[in-house]
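> Pasting a predicted model and its sequence here:
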Amino acid sequence: MNVFFAIDLSLLNWLNHHYVPGSLPLLQFISSATTYISIAVVVMVMVFSFVKNKPLARHCSIVLATVLIVVAIASPVMKSLMYRERPFYAHDFIEKRTDGGESSFPSGHSMEAFALAITLSLCFKRKWITLVAFAWAFLVGYSRVALGVHYPSDVLGGMAIGSFIGWLTLFLFHRFGPYFTDDKGAGHP
């Protein structure tokens, strides 16, 4: 067993057995509600863009929706290409506390949460939005490890891939899509 895997497994084991007492229902909610919250964020940004007549926010809602679609396609493809057995199957001392599909790497929940967080952060450029989005994304990643369905490296892989998807999608929209500045030259909603 190499050093990296030993650290990965030790961290998983520790987080799986040392979560905050009483937090299990919250962690399960975070894990199960990730996609619903992501969709709700896109809808809220779209509604905000129409209510406040903010074309840039409308563009951002389209980018956010595109990011979620790309993640929904990329996650199962990557999981099938880079199959890794779930930790609760591979190690009997890991307690499974929520649902988990076949392949463990990368964490699709983390991929989605970080793709959304980076896109929101780059699109809106507001500190409070960035803090809330990344706090949520880190909670999603933590919940997947604490609940025993992912190794920490699965979450790190999901973070990296999701962040790249969010950045790349926004970059491509800026490069080839609608222009992202308003009449006054402001570059964010």
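Cool, the structure landed. If you're wondering where the values come from, they're calculated on a predicted model, not measured in any experiment.
> host element of the spatially closest residue to residue 150 that is not a sequence neighbour?
Nearest non-adjacent residue to residue 150, counting by Cβ to Cβ, 6 or more residues apart in numbering: residue 144, 4.2 Å away. Placement of C-beta: from N, CA and C, glycine included. Assigned by DSSP states H and E, residue 144 belongs to helix 127-146.
> any idea of the mean pLDDT in that helix?
What helix 127-146 shows for mean pLDDT is 96.
> And stretch 44-58, by the same measure?
Mean pLDDT, computed over stretch 44-58, is 89.
> Return the distance of the helix holding residue 144 from the chain's centre.
Relative to its parent chain, helix 127-146 has a centroid offset of 8 Å by Cα atoms, centre = their mean, to the nearest Å.
> before we move on, what about stretch 104-115?
Its chain's C-alpha centre and that of stretch 104-115 lie 5 Å apart, by Cα atoms, centre = their mean.
> which secondary structure elements does the helix holding residue 144 contact?
Here helix 127-146 touches helix 3-17, helix 24-51, helix 108-124, helix 152-176, going by 3 or more Cβ pairs under 8 Å, 6 or more residues apart in numbering; DSSP states H and E.
> For residue 91, find the nearest of these.
Closest to residue 91 of those is helix 3-17 (Cβ to Cβ; 7.1 Å).
> burial measure for residue 54, as a count.
Using other Cβ atoms under 10 Å, residue 54 is surrounded by 16 other residues.
> how close does the residue nearest the centre of the chain get to residue 60?
By Cα atoms, centre = their mean, the chain has its centre lying nearest to residue 113, at 1.7 Å. Counting by Cβ to Cβ, to the nearest Å, the gap from residue 113 to residue 60 is 17 Å.
> Identify the residues contacting the helix or strand of the chain with the lowest mean pLDDT?
Within the chain, no helix or strand scores below helix 87-90, which has a mean of 88 by mean pLDDT, DSSP states H and E. Taking contacts as Cβ atoms under 8 Å, 6 or more residues apart in numbering, the residues outside helix 87-90 that touch it are 9, 12, 94-96, 100, 104, 148-151.
> In CSV: those residues, plus distance to residue 88 and neighbour count.
Converted to CSV, the contacts of helix 87-90 look like this (distance: Cβ to Cβ, whole Å; neighbours: other Cβ atoms under 10 Å):
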residue, distance to residue 88, neighbour count
9, 12, 19
12, 10, 24
94, 5, 21
95, 7, 13
96, 4, 14
100, 7, 20
104, 9, 25
148, 5, 23
149, 7, 24
150, 10, 30
151, 11, 25
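> Which one of these is nearest to residue 64?
Nearest to residue 64 among the contacts of helix 87-90, with distances taken as Cβ to Cβ, is residue 150, at 24.0 Å.
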